[in-house]
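Asker: Curious how this folds, go ahead:
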Amino acid sequence: MPLKIIKLLALIFVCNSYHLYGQEWHIKGQVAGDKQQPLASATIALLDTNNKVILKTSADNSGHFSLLYTINGNYSLLITYTGYKEYRSTVFELANKDFGTILLTPGANTLSEIHVTSKQNLIELDGNNIVYNVAKSINSQGLNAFEVLIRL
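Answerer: Residues are numbered from 1 along each chain as shown. So this is what the prediction gives:
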């Protein structure tokens, strides 16, 4: 008889231990750009009232995100993506929450074009050949090709 009581108490303890850890809250939503395109890999962070990051994740390829958390309190959601302004939600009490589709607006500092410049090296290795670029040599200023070859 005492063995049955011990087993029963153990079962009750295991079943009730879930409540010791608190309830799991589910926060979800989708991140999209200004033209409703999903923003894959957008960073989503759950912040406490002191703006400390509590939990962080990233959006999947379709822009969806999901966060699970167990500690009650007041939090806000911060979403960032390169080239877009950050989104910060109002403070909310932790509960099951669906943010729906969150639209991020493009940032003001977007570039219309990029110019890439490079200069040719003085000496280059091309397979089994060594190429000496005479035009880039300071020693070749004012000399013709024959005079440059004599100096080499």
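Asker: Surely residue 100 touches residue 28?
Answerer: No: taking CB atoms under 8 Å as the definition, residue 100 is not a contact partner of residue 28, at 9.2 Å. In short, each C-beta sits where N, CA and C put it, glycine included.
Asker: the more surrounded of these two?
Answerer: Taking neighbours as other CB atoms under 10 Å, residue 100 and residue 28 compare with residue 28 leading, 15 against 9.
Asker: tell me which element the more buried one falls in.
Answerer: Counting by DSSP states H and E, the secondary-structure element that holds residue 28 is strand 25-32.
Asker: One more: residue 71?
Answerer: Using DSSP H and E, no helix or strand contains residue 71.
Asker: Give me the distance between it and residue 91.
Answerer: 15 Å (CB to CB, to the nearest Å).
Asker: One more: residue 148?
Answerer: 73 Å.
Asker: same thing with residue 70?
Answerer: Counting by CB to CB, the gap from residue 70 to residue 91 is 19 Å.
Asker: Looking at those two, which one has more neighbours?
Answerer: Just comparing residue 70 and residue 91: by other CB under 10 Å the higher neighbour count belongs to residue 91, 13 against 10.
Asker: Now for that one: which residues touch it?
Answerer: Shown in contact with residue 91 (CB atoms under 8 Å, 6 or more residues apart in numbering): 49, 74, 75, 76.
Asker: Tell me the most packed of those residues, by neighbour count.
Answerer: residue 75 (24 neighbours).
Asker: Is that one in contact with residue 51, as I believe?
Answerer: No: at 10.5 Å, residue 75 and residue 51 do not qualify as touching, with contact defined as CB under 8 Å.
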